[in-house]
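Asks: Pasted the sequence and its predicted model underneath.
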Amino acid sequence: MGELATGVVEEASVATHGKPVMPSAEEAAALVLLADVLANGDGSESRGPLPYRLVGGQHEAELPESVVEVLRQVAAAMAAGRAVSVVILDSELTVREAAELLGVPRAEMVRLLDIGEIPFTRPRSSRRVRLDGLLAYKERLGRRRRELLDEMTADAMTEGTYGMSSENWANGAA
């Protein structure tokens, strides 16, 4: 790893947030173009993902797909005029860090660990939550929520209540 990159990672430690970066008005057109290029590549899906390359002066490097995905998200957000901050996480988190990332109280995170919803290790006396396991749980949870919402929507359409205001629904249901 290069000297600058090593310094950034060592300085960051666990779950630190970088300084927010706000795009300037002069950067708007370039950000829209960058977001479009990263989102669409050359439009040819048959060849698979394009290798993206970063060229800086005399140096050039191919970007791994994980870096391209982060750049897609950053470029899209900044093209929309939003500020962006990068969060650097270790591959193993404390229970508190995992709870913050999931957006639940620490006690709920402990419950999820105890019932086996999210894998963890206990290298010493405290638990460590693997980031990949936490992200997999978050994805399963999101998928289940979407399924339930689809079911509720289908039920409401069948019952003829889809799109009905809550006031009309309450009056009709009473």
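Replies: Here it is on my side, so go on.
Asks: Just give me the neighbour total for Glu26.
Replies: Per other Cβ atoms under 10 Å, the neighbour tally for Glu26 reads 7. To be clear about C-beta, it is placed using only N, CA and C from the backbone, and glycine gets the same treatment.
Asks: And it, how far from Arg140?
Replies: Distance, Glu26 to Arg140, using Cβ to Cβ, to the nearest Å: 43 Å.
Asks: need the contact list for Ala39.
Replies: The contact partners of Ala39, by Cβ atoms under 8 Å, 6 or more residues apart in numbering, come to Arg72, Ala76.
Asks: Give me the buried positions along whichever strand or helix holds it.
Replies: Here Ala39 sits within helix 28-40, counting by DSSP states H and E. Using 16 or more other Cβ atoms under 10 Å as the test for burial, helix 28-40 gives Leu31, Leu34, Ala35, Leu38.
Asks: List the contacts of the nearest residue to the last one once chain neighbours are set aside.
Replies: Just to be clear, that refers to Leu38. Nearest non-adjacent residue to Leu38, counting by Cβ to Cβ, 6 or more residues apart in numbering: Arg72, 4.4 Å away. When contacts are counted by Cβ under 8 Å, 6+ apart, Arg72 touches Ala35, Leu38, Ala39.
Asks: any idea how far the host helix or strand of Arg72 is from the chain center?
Replies: Element membership for Arg72, per DSSP H and E: helix 65-79. Here helix 65-79 is found 11 Å from its chain centre; the criterion is Cα atoms, centre = their mean, to the nearest Å.
Asks: downstream neighbour of the helix holding Ala39 in the secondary structure list?
Replies: Assigned by DSSP H and E, the successor of helix 28-40 is strand 52-56.
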